[in-house]
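> Sequence plus the predicted model coming up.
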Amino acid sequence: MITVRRIRIGEALLFKQMRLASLRESPSAFSSTFESAQLRSPESWSEQADSTAQGSDQSTFIAFSGDSPIGIAALYTSGQGTGVGELLQVWVSPEYRGQGVAIDLMDAVFQWAAENDFRTVVAAVTKENAGALTFYREYGFEPAERAPLDAPDDAVVLMKQVEYALH
């Protein structure tokens with residue numbers, strides 16, 4: 001059975017495990033690298049994990065199959081203004097792709113976003129990541145009217161309104 005929940009305070013090792021797995025398996029999908037992530041201090045992992053485990057500005061969700069973590073997704077308040085969140089770190093373990101795990105993660109993200117007064121979710125996806133682009137479009141994301149200033153040159157920027165997000 002697949003379950004999704006928000007990361008909890010004190011779960012920095014779980015967060016690190018999922019982030020490193022995603023960077024190792026899908027290096028071209030992220031702006032960070034596996035090598036740079038390995039150099040992070042334990043304190044930086046703890047700070048990031050704990051900051052997304054509470055509050056209403058950012059959140060990280062983990063998908064599990066039984067007790068095994070199999071996916072991750074995060075939403076952070078964007079610098080674009082109030083009500084806009086940036087979708088980050090979305091990844092599902094290859095053996096679970098195509099089984100609805102990404103939909104479960106997005107549903108959890110958008111449910112949390114709705115509960116915390118986000119109006120829009122923006123995702124920057126590298127042009128080469130055809131699978132992710134297809135998934136986001138099927139989930140209801142559309143091309144953004146204007147890209148955030150910090151979007152990479154090789155990214156397609158997509159957006160989805162929160163009030164229409166849940167299936």
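Everything's here; your move. Numbers count the residues shown, from 1 in each chain.
> tell me which element Leu20 is part of?
helix 12-25 (DSSP states H and E).
> right, and the helix or strand after that helix?
Remark: after helix 12-25, the chain's next helix or strand is helix 34-38, criterion DSSP H and E.
> Would you mind pulling up the elements that that following helix packs against?
Helices and strands touching helix 34-38, by 3 or more C-beta pairs under 8 Å, 6 or more residues apart in numbering; DSSP states H and E, are helix 12-25. Yep, even glycine has a C-beta here, placed from its N, CA and C like the rest.
> tell me which residues in the helix it packs on are buried?
Buried residues in helix 12-25, defined by neighbour count with 16 or more other C-beta atoms under 10 Å: 12, 14-16, 18-19, 21-23.
> same check, this time on stretch 68-87
Buried residues in stretch 68-87 (16+ other C-beta under 10 Å): 69-78, 84-87.
> closest to Asp57 among those?
Thr77 (4.5 Å; C-beta to C-beta).
> who touches that closest one in this structure?
Applying C-beta atoms under 8 Å, 6 or more residues apart in numbering, we find Thr77 in contact with 57-58, 84-86, 118.
> so what's the residue most central in space within the chain bridging to?
Nearest to the mean C-alpha position of the chain, counting by C-alpha atoms, centre = their mean, stands Ala73 at 2.8 Å. With beta bridges defined as DSSP bridges, Ala73 has these partners: Phe61.
> What does the pLDDT read for Ala165?
Predicted confidence (pLDDT) at Ala165: the value is 47.
> which one is Gly71 nearest to, not counting chain neighbours?
Computed as C-beta to C-beta, 6 or more residues apart in numbering, the closest residue to Gly71 that is not its neighbour in sequence is Ala63, at 3.4 Å.
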